[in-house]
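>>> Give me the fold of what follows.
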Amino acid sequence: MPKPKVFVTRIIPTKGLDIVQEFCEAEVWPGEMPPSPEELLRRVRGVDGILSLLTDRIDAAVMDAAGPGLKVISNHAVGFDNVDVAAATARRIPVGNTPGILTDATADMAFALLLAAARRLAEGAQYVKDGKWKTWGPSLLLGADLAGATLGLVGFGRIGQAVAKRAQGFDLRIIYHDPTAEPAFGAVPVDFETLLRDSDFISLHVPLTDETYHLINAETLAKMKPTAVLVNTSRGGVVDPSALEQALRSRRIFAAALDVTEPEPIQMDDPLLALDNCLIVPHLGSASKQTRDMMAYLAAQNLVAGLKGERLPHCVNPEVYS
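Next comes the predicted model:
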């Protein structure tokens, strides 16, 4: 019996890739850069499954190019805003993701960015490299204290709660805005306006949807403290980059630390890159070896289950099974 045909849009860790290649006739895109939209349409023709990354837009056109034999889309990420889930559901194609496994790694990154921005670590390191460190000074690169400050979490799912857990050890007062979440780890629910007004640090942990697109904009930035630090490890589109650049340049807020940008990757002429009070890293939230290994494993498990006609272990549109 022939093996099912699949297209894997990038080389993933062997913990998952070995499973895919053993069970499937797999074509794996070998490049460091993702396939172009045109190339993606060509490569998926006639496949039974697609294993995609967040850099790949898997829309109705891709699904139709694959044809009626497409049984599963497995996304190598916890987020799935790159997949048109409604189009997949209409075609009764289950879509898988990799939740849970990257919670701690992403929470670690969020807190690392918070600390780095608060204590101006990137600026300090560059100050040394530029040969400017001549002596100790009482007013040199003063940052913000954490103890006794207020951390506001926008979104209080797995990752938001993991950040709250870490924040307890730094003696932070923790508030959150998420109408669907119950209090945990000492965090107190508040409305969004209160969170913006009261927080010394704001960390974003919401999916990218029509409702959260540019949630942080000129209006919301204007409601923050001038001493506020903004951290984003969710999706770049949650923040309006032009509004953020203006707020940082005018010192309307103290600093920002971004693991994600809009667009992604950030363009080298983006004015945010010229700001000392904006720290940007290249989407490293889940970038630990153990986490990426397990993401690949879960993505492979979802893919194989879908090809077998079994329920995906982690399915974002379970209504396809109704």
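
>>> chain center to the helix or strand in which Ala117 is found, what's the gap?
For Ala117, the host element (DSSP states H and E) is helix 103-118. For helix 103-118, the separation from the chain centroid amounts to 12 Å (computed by CA atoms, centre = their mean, to the nearest Å).

>>> Begin at 20 from now on, thanks
Will do, 20 is the new start, and the previous item becomes helix 122-137.

>>> contact partners of the helix or strand just after it?
Later in the chain than helix 122-137, the nearest helix or strand by DSSP H and E is helix 140-148. With contact meaning CB atoms under 8 Å, 6 or more residues apart in numbering, helix 140-148 is reached by 134-135, 152, 160, 295-296, 298. For glycine as for every other residue, the C-beta is placed from the backbone atoms N, C-alpha and C.

>>> how much space between the spatially most central residue of the chain and Leu277?
Nearest to the geometric centre of the chain sits Ser253, at 3.9 Å (CA atoms, centre = their mean). The gap separating Ser253 from Leu277 is 10 Å, by CB to CB, to the nearest Å.

>>> pLDDT wise, what is Met20 at?
pLDDT, Met20: 79.

>>> Show the buried residues in the contacts of helix 140-148.
134-135, 296, 298 (16 or more other CB atoms under 10 Å).

>>> The residue nearest to the centre of the chain in helix, strand or coil?
Here Ser253 is recorded as coil under DSSP: H, G, I helix; E, B strand; the rest coil.

>>> what residues are up against it?
Applying CB under 8 Å, 6+ apart to Ser253 gives the contacts 98, 174, 223-227, 279.

>>> Quick check: it vs Tyr195, distance?
To Tyr195, Ser253 is 14 Å away according to CB to CB.

>>> what bits of the protein have low per-residue confidence?
Along the chain, the model assigns pLDDT under 70 to no residue.

>>> what about the longest helix in it?
Criterion DSSP state H: the longest helix present in the chain is helix 308-326.

>>> Report the buried residues of that one.
Buried residues in helix 308-326 (16+ other CB under 10 Å): 310-326.

>>> same thing with stretch 265-282?
In stretch 265-282, counting by 16+ other CB under 10 Å, buried: 266-267, 271-281.

>>> Surely Glu46 is in a helix?
No: according to three-state DSSP, Glu46 belongs to no helix; its state is strand.

>>> could I have the helix holding Ala136 exported to PDB, CA atoms only?
Extracted C-alpha coordinates of helix 122-137, given in PDB (Å, rounded to 0.1, in the frame of the first residue of the first chain):
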ATOM      1  CA  THR A 122       4.300  27.500  27.700                       C
ATOM      2  CA  ASP A 123       7.400  27.600  30.000                       C
ATOM      3  CA  ALA A 124       9.900  28.500  27.200                       C
ATOM      4  CA  THR A 125       7.700  31.500  26.100                       C
ATOM      5  CA  ALA A 126       7.000  32.600  29.600                       C
ATOM      6  CA  ASP A 127      10.700  32.500  30.300                       C
ATOM      7  CA  MET A 128      11.300  34.700  27.200                       C
ATOM      8  CA  ALA A 129       8.600  37.200  28.200                       C
ATOM      9  CA  PHE A 130      10.200  37.600  31.600                       C
ATOM     10  CA  ALA A 131      13.700  37.800  30.200                       C
ATOM     11  CA  LEU A 132      12.500  40.600  27.900                       C
ATOM     12  CA  LEU A 133      10.800  42.400  30.800                       C
ATOM     13  CA  LEU A 134      13.900  42.300  32.900                       C
ATOM     14  CA  ALA A 135      16.200  43.300  30.000                       C
ATOM     15  CA  ALA A 136      14.000  46.300  29.100                       C
ATOM     16  CA  ALA A 137      13.500  47.300  32.700                       C
END
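
>>> what angle sits between it and helix 140-148?
For helix 122-137 against helix 140-148, the angle by axes from the mean of the first three to the mean of the last three CA atoms, to 10 degrees is 60 degrees.

>>> Now do the helices in this structure.
Ranges of helices in the chain, per DSSP H, are 33-42, 56-62, 79-85, 104-109, 122-137, 140-148, 177-187, 211-217, 237-241, 260-268, 308-326.

>>> Name the residues that touch the fourth one?
Applying CB under 8 Å, 6+ apart, the set of residues contacting helix 104-109 from outside is 77-79, 82, 92, 113-114, 335-336, 338-339.
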